[in-house]
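> Sequence plus predicted model, see below.
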Amino acid sequence: MEAPAGKRSREELRAAFERHVAEHYAPKGSGFVCKKDGAEIRQTTLYVSVHAKAFGDMCAGSGEVERLPLPYCPTCEGVPSNTSTCVHV
Ligand SMILES: [Zn+2]
Ligand SMILES: [Zn+2]
């Protein structure tokens with residue numbers, strides 16, 4: 001999956017992940033496989049900049065960046081081209 005849209009809360013970011021995983025991947029063993037083609041889901045790193053909600057839509061904050069696993073299907077999705085987003089907290 002591509003990086004979810006930014007400027008949202010942590011809960012919304014988590015929900016975007018859960019929605020994509022539930023729709024497109026199926027649990028198998030310790031990981032996931034693609035529902036469409038059965039390929040083993042891989043993951044890369046998503047960089048999440050932490051911005052302050054106090055600044056509204058402006059992306060400003062502490063400069064803190066968190067890393068999260070970003071899953072993708074190597075055959076039908078390919079390596080994500082967008083691996084960074086932000087949360088407003
Ligand atoms: Zn932001
Ligand atoms: Zn696939």
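Alright, I've got the coordinates. Ligands and ions are numbered 1, 2, ... in the order given.

> What are the boundaries of the helices in the protein?
Taking DSSP state H, the helices of the chain run over residues 10-24.

> Output the set of residues of it in proximity to ligand 2.
Applying Cβ under 5 Å from the ion, we find that the chain lies next to ligand 2 at 34, 36-37, 39, 73, 75-76. (Glycine included, C-beta is placed from N, CA and C.)

> For ChimeraX, what selects the buried ones among these?
Listed next is the ChimeraX selection for buried residues among these, using 16 or more other Cβ atoms under 10 Å:
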select :34,39,73
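
> could the residues of the chain next to ligand 2 be laid out in JSON lines, adding distance to residue 7 and pLDDT?
Listed next are the residues of the chain next to ligand 2 as JSON lines, based on distance: Cβ to Cβ, whole Å; pLDDT from 0 to 100:
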{"residue": "34", "distance to residue 7": "29", "pLDDT": "98"}
{"residue": "36", "distance to residue 7": "30", "pLDDT": "98"}
{"residue": "37", "distance to residue 7": "32", "pLDDT": "98"}
{"residue": "39", "distance to residue 7": "31", "pLDDT": "98"}
{"residue": "73", "distance to residue 7": "26", "pLDDT": "98"}
{"residue": "75", "distance to residue 7": "31", "pLDDT": "98"}
{"residue": "76", "distance to residue 7": "28", "pLDDT": "98"}
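
> Which ones among the residues of the chain next to ligand 2 lie within strands?
residue 34 (DSSP state E).

> Next, format the residues of the chain next to ligand 2 as CSV and append distance to ligand 1.
CSV is the format used below for the residues of the chain next to ligand 2 (distance: Cβ to the ion, whole Å):
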residue, distance to ligand 1
34, 30
36, 32
37, 34
39, 32
73, 27
75, 32
76, 29
